[in-house]
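A.B. asks: predicted model and sequence follow; I will ask about them next.
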Number of protein chains: 2
Amino acid sequence: MSHSPLRLAVVGYGNIGRSAVEAVQAAPDMALAGVVRRAATAPQSLPAELANIPVVADVVQLGRVDVALLCGPTRSIPETAPLYLRQGIHTVDSFDIHGQKLWDLRQQLDAIGKQHNSVAVVSSGWDPGSDSVLRALLLALAPSGITYTNFGPGMSMGHSVCAKSKPGVVDALSMTIPTGTGVHRRMVYVELAPGADFAAVEQAIKTDDYFSNDDTRVFAVPSIAALKDVGHGVSMQRKGVSGVTHNQLFEFRMTVNNPALTAQIMVSCARAAALRLRPGAYTMPEIAPMDLLPGEREHLVKTLV
Amino acid sequence: MSHSPLRLAVVGYGNIGRSAVEAVQAAPDMALAGVVRRAATAPQSLPAELANIPVVADVVQLGRVDVALLCGPTRSIPETAPLYLRQGIHTVDSFDIHGQKLWDLRQQLDAIGKQHNSVAVVSSGWDPGSDSVLRALLLALAPSGITYTNFGPGMSMGHSVCAKSKPGVVDALSMTIPTGTGVHRRMVYVELAPGADFAAVEQAIKTDDYFSNDDTRVFAVPSIAALKDVGHGVSMQRKGVSGVTHNQLFEFRMTVNNPALTAQIMVSCARAAALRLRPGAYTMPEIAPMDLLPGEREHLVKTLV
């Protein structure tokens, strides 16, 4: 399975894009073709770590690209992914809306991939993503029972953006606090604009669909920047039945840097997309975990299995 | 994906075979074709739970069989599996020797499966098996770092059989006790034959290859039967690096009935063998976890991912 390095493009350069550049550079079998940003960026305004990396507005400027890591906002993925897949470039995204929208995206990209001989890995992150792999595996190990996925403590990007969007809010941070059995408290910190009414802000946040079903507490703080930490965590628990035997107990825990993990998982999925999967779209539980890894199959089976 | 029930045969009727019968009967999409035992068994000497189940000496007596669950001893698998694969019957085994022998078996069965249009799932259990899936997944999430797999507390079949084989031992039980970082203590209980010399038995056990590398303690007890419990456990820990970000922490724990879990995993792998995999041989990390589950792909993606 020796081959020339896979050439990857990182599309978008926010938190995840930055970590994706690092993870591609750290991968033994990959080369970074460059970074794609919406607008051409003047060289003097680029962050220092991109000094020696091609930064372009269109992927065609990067020469051969095997896989595009789509690191833009979730809502941009249904529009962005097809642009790459139609050029025969595999895509990996971390689309993070579960359920119908995720299935719709998978089906849309599946058809395009099959038509253009390219592979899309959809919702490659930790949830959806590696947590989904665990949920599937635990269901195979104990088909009856309940799985609880408890998130945090950690910052929720989606909830933070929602809180920040309220009138009178300059910046916001929403922490997800697990209270067990998949129930969460939202601890929301807001930096108010001068003269903003805290009670009105609190009310606007608590009644938003993002928060209205959870125990939500809102606090005014002088600086959001002083609170930010991208650490996050999960505790997934399943108690279930194997065959007819009850009380089989499973737990998975992790405590991680969130964008670093998301980007690393995307990079690992890029490998499966380029080397292992047939054209079409896949979520992570639809991919054999060994296909995410570099190295010879014989070595992997002897050392991991 | 609606289809007539998969027809499974359980080959061998020890601890795992018994649990396999239960797990096949509990599966919504499977039917138990029957049990294959080495010698034909007189009906009056069969266990009560097999009263209404065909018990035969040769699988051909069971009519159509899609998958054979091979529940005999590990060392019998390289000889037994080909007999089924050559008839176009898929096989699932829980061969439990890691490393070169596992790879050799996979390669042997891969060639036979490809030739006879059948699938072999090799080493389908919890270790090797589902633990292997986790080791592969954690490596994809944090490529640098160390994974420790800690077993127990629980009974080791292999070590118990070894201890029992020593002269002067009537019955034996070896418990695996985790002491952290993948190091284990062996607590060995022996029921001695009348007049047996405990010191000689202790010496024979401690110097056997099975035990000589571990902290091994041997105890004489009046009855092994009084100590037996098939509960077992795992704690797998990884601390590693995602991209260039260190100190990513992961832990998987389980506390389970050992034969019930092994049998359930074999049943789940039978589904992948019959419905999803192309001819050849696979270890569990080479199988997409979703392929282990019954049900429509759309439903699975919407509810699990």
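C.D. replies: Received, thanks.
A.B. asks: and the lowest-mean-pLDDT helix or strand in chain A, what's buried?
C.D. replies: When the helices and strands of chain A are scored by mean pLDDT, DSSP states H and E, helix A:157-164 comes last with a mean of 92. Neighbour-count burial for helix A:157-164, with 16 or more other C-beta atoms under 10 Å in any protein chain shown as criterion, is recorded at A:157, A:159-160, A:162-164. In this view, the C-beta of every residue, glycine as well, is placed from N, C-alpha and C.
A.B. asks: try stretch A:181-195
C.D. replies: Neighbour-count burial for stretch A:181-195 flags A:184, A:186-192 (criterion: 16+ other C-beta under 10 Å).
A.B. asks: CA atoms only for that stretch, dumped as CSV, please.
C.D. replies: Coordinates of each C-alpha in stretch A:181-195 appear next as CSV, following Å, rounded to 0.1, in the frame of the first residue of the first chain:
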residue,chain,number,x,y,z
THR,A,181,-28.9,10.3,31.6
GLY,A,182,-28.3,12.5,28.6
VAL,A,183,-29.8,15.6,30.3
HIS,A,184,-27.7,18.8,30.2
ARG,A,185,-27.6,22.2,31.9
ARG,A,186,-26.7,25.3,29.8
MET,A,187,-24.5,27.8,31.6
VAL,A,188,-24.5,30.8,29.4
TYR,A,189,-22.1,33.7,29.9
VAL,A,190,-22.7,37.0,28.1
GLU,A,191,-20.7,40.2,27.6
LEU,A,192,-23.3,43.0,27.3
ALA,A,193,-23.2,46.0,25.1
PRO,A,194,-23.2,49.3,27.1
GLY,A,195,-26.7,50.0,28.3
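A.B. asks: double-check that A:His98 belongs to a strand.
C.D. replies: No. Inclusion of A:His98 in a strand is not indicated when DSSP: H, G, I helix; E, B strand; the rest coil is applied; the result is coil.
A.B. asks: that one contacts B:Val305, correct?
C.D. replies: Yes. When contacts are counted by C-beta atoms under 8 Å, A:His98 is listed as touching B:Val305 (6.7 Å).
A.B. asks: give the intersection of the neighbour lists for these two.
C.D. replies: Overlap of the contact sets of A:His98 and B:Val305 (by C-beta atoms under 8 Å, 6 or more residues apart in numbering or on different chains) consists of A:Pro128.
A.B. asks: the two: which has the busier surroundings?
C.D. replies: Neighbours per residue (other C-beta atoms under 10 Å in any protein chain shown) separate A:His98 from B:Val305, with B:Val305 holding more: 25 against 17.
A.B. asks: list the contacts for that one?
C.D. replies: A:98, A:102, A:123, A:128, A:132, A:283-285.
A.B. asks: among those, which lie within helices?
C.D. replies: Taking DSSP state H as the definition of helices, the contacts of B:Val305 contribute A:102, A:132.
A.B. asks: could I get the buried residues of stretch A:181-195 as TSV with secondary structure?
C.D. replies: As requested, the buried residues of stretch A:181-195 are arranged in TSV below (three-state DSSP):
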residue	secondary structure
A:His184	strand
A:Arg186	strand
A:Met187	strand
A:Val188	strand
A:Tyr189	strand
A:Val190	strand
A:Glu191	strand
A:Leu192	strand
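A.B. asks: closest one of these to chain B?
C.D. replies: Each of the buried residues of stretch A:181-195 was scored against chain B by C-beta to the nearest C-beta, and A:His184 proved nearest at 19.1 Å.
A.B. asks: surely that closest one and A:Asn150 touch.
C.D. replies: Yes. With the criterion set as C-beta under 8 Å, A:His184 and A:Asn150 qualify as a contacting pair; they are 7.5 Å apart.
A.B. asks: what sits in contact with each of these two?
C.D. replies: Contact criterion C-beta under 8 Å, 6+ apart; residues shared by A:His184 and A:Asn150: A:Pro178.
A.B. asks: burial count for A:Pro78?
C.D. replies: Taking other C-beta under 10 Å as the neighbour definition, A:Pro78 ends up with a count of 15.
A.B. asks: find the nearest non-adjacent residue to it, please.
C.D. replies: Nearest residue to A:Pro78 in three dimensions, chain neighbours excluded: A:Leu105, at 5.6 Å (C-beta to C-beta, 6 or more residues apart in numbering or on different chains).
A.B. asks: and that neighbour, how far is that from A:Pro73?
C.D. replies: Here the criterion is C-beta to C-beta, to the nearest Å. By it, A:Leu105 lies 14 Å from A:Pro73.
A.B. asks: still on that earlier bit, I'd like to know which elements the least confident helix or strand of chain A is packed against.
C.D. replies: With contacts defined as 3 or more C-beta pairs under 8 Å, 6 or more residues apart in numbering or on different chains; DSSP states H and E, the secondary structure elements packing on helix A:157-164 are strand A:169-178, strand A:184-192.
A.B. asks: starting at the chain centroid, how far to it?
C.D. replies: What separates the centre of helix A:157-164 from the centre of its chain is 16 Å, taken as C-alpha atoms, centre = their mean, to the nearest Å.
A.B. asks: what's that helix in contact with?
C.D. replies: Taking C-beta under 8 Å, 6+ apart as the criterion, the residues outside helix A:157-164 that touch it are A:96, A:169-174, A:176, A:186, A:188, A:190, A:205, A:208, A:210-211.
A.B. asks: can you rerun that using 7 Å?
C.D. replies: For helix A:157-164, contacts defined as C-beta atoms under 7 Å, 6 or more residues apart in numbering or on different chains pick out A:169, A:171-174, A:186, A:188, A:190, A:205, A:208, A:210.
A.B. asks: how about the buried residues of helix A:157-164 in JSON lines, adding distance to B:Asn15?
C.D. replies: Putting the buried residues of helix A:157-164 into JSON lines (distance: C-beta to C-beta, whole Å) gives the following:
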{"residue": "A:Met157", "distance to B:Asn15": "48"}
{"residue": "A:His159", "distance to B:Asn15": "49"}
{"residue": "A:Ser160", "distance to B:Asn15": "52"}
{"residue": "A:Cys162", "distance to B:Asn15": "53"}
{"residue": "A:Ala163", "distance to B:Asn15": "55"}
{"residue": "A:Lys164", "distance to B:Asn15": "58"}
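A.B. asks: before I go, just wanted to say thanks for your time.
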